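>>> When you get a sec, could you give me coordinates for this:
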Amino acid sequence: MRNILCIIMLVLSPLLVSAQIGPQTDTTLVIQEGVASYYGRIFHNRRTANGEVFDMEGFTAAHKNLPFGTMVRVTNKKNGKEVIVKINDRLPQNSKRTIDLARGAAKQIGMIQMGLAPVQISLIEPTAVADLRGYYQDNKPETMRLRDFSDPVIVEKDSSTIFTLTHLIPETQSLNF
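Residues are numbered from 1 along each chain as shown. Coordinates of the predicted model:
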């Protein structure tokens with residue numbers, strides 16, 4: 001009986017560990033980290049900066065300079081919860097916040113109680129990095145990182161040089177084994 005329990009634990013333990021860890025975000029798609037806040041009732045049913053009507057229970061967000069329509073994944077760094085939102089509004093340029101979420105999106109990542117949360121903002125698609133580079137050209141905001149690793153890195157090795165133990169020992173010394 002004890003052997004059967006051990007076998008079951010060995011089989012199920014990787015499943016339990018992977019369930020606790022959750023999905024991993026591709027770090028090449030992370031473009032910004034900072035503080036998120038949320039807005040709701042005061043702006044409900046008013047027009048956003050791109051002309052849409054704001055729905056406080058929706059999955060939209062305001063950002064200082066991401067293009068309207070950009071879809072981003074916002075991850076709460078305290079609890080690992082994430083939500084995908086569409087940028088449809090603007091934050092003031094002097095705001096200390098990185099992103100302002102609609103109340104519905106804030107609820108999804110568990111930040112309603114505190115009102116603020118440390119977040120990581122990442123793009124959904126790898127092709128979006130190139131799109132943003134084209135959008136910003138040479139005027140990319142300093143707080144944003146856009147890394148594109150679509151081209152393979154080529155490393156050339158010099159096969160004529162073989163690293164041996166003799167390279168570590170000066171010629172005046174000898175090895176005595």
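>>> Quick one: mean pLDDT for stretch 132-145?
Averaging pLDDT along stretch 132-145 gives 76.
>>> Stretch 114-127 now?
88.
>>> Do a quick rundown of the helices in the protein.
With DSSP state H, the ranges of helices along the chain come out as 2-21, 103-108, 127-136.
>>> rank those helices by pLDDT, which is bottom?
Looking at the helices of the chain, the weakest mean confidence is helix 2-21, a mean of 53.
>>> mind listing what's buried in stretch 53-67?
Buried residues in stretch 53-67, counted by 16 or more other C-beta atoms under 10 Å: 54-56, 58-64, 66. The way it works is simple: take the backbone N, C-alpha and C, and place the C-beta from them, glycine included.
>>> Please tabulate those in CSV, including the columns distance to residue 134 and pLDDT.
Compiled in CSV, the buried residues of stretch 53-67 are given as follows (distance: C-beta to C-beta, whole Å; pLDDT from 0 to 100):
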residue, distance to residue 134, pLDDT
54, 28, 87
55, 30, 89
56, 33, 87
58, 28, 91
59, 26, 93
60, 23, 92
61, 22, 93
62, 23, 92
63, 18, 92
64, 19, 90
66, 14, 88
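>>> Can you name the two of those that sit furthest apart?
Greatest spacing in the buried residues of stretch 53-67, by C-beta to C-beta: 55 and 64 (21.4 Å).
>>> Run a quick neighbour tally on residue 117.
Number of residues near residue 117 (other C-beta atoms under 10 Å) recorded here: 23.
>>> which non-adjacent residue is nearest it?
residue 111 (3.9 Å; C-beta to C-beta, 6 or more residues apart in numbering).
>>> Could you do residue 48 as well?
residue 89 (4.0 Å).
>>> Count the residues that sit near the one you found.
21.
>>> gap between it and residue 55?
Distance of residue 89 to residue 55, given as C-beta to C-beta, to the nearest Å: 12 Å.
>>> just residue 69 next, same as before
From residue 69 to residue 55 the distance is 16 Å (C-beta to C-beta).
>>> which residues does residue 95 contact?
By C-beta atoms under 8 Å, 6 or more residues apart in numbering, the residues touching residue 95 are residue 64.
>>> for the chain, what spans make up the strands?
Using DSSP state E, the strands found in the chain span residues 30-39, 60-63, 71-76, 82-90, 99-102, 116-123.
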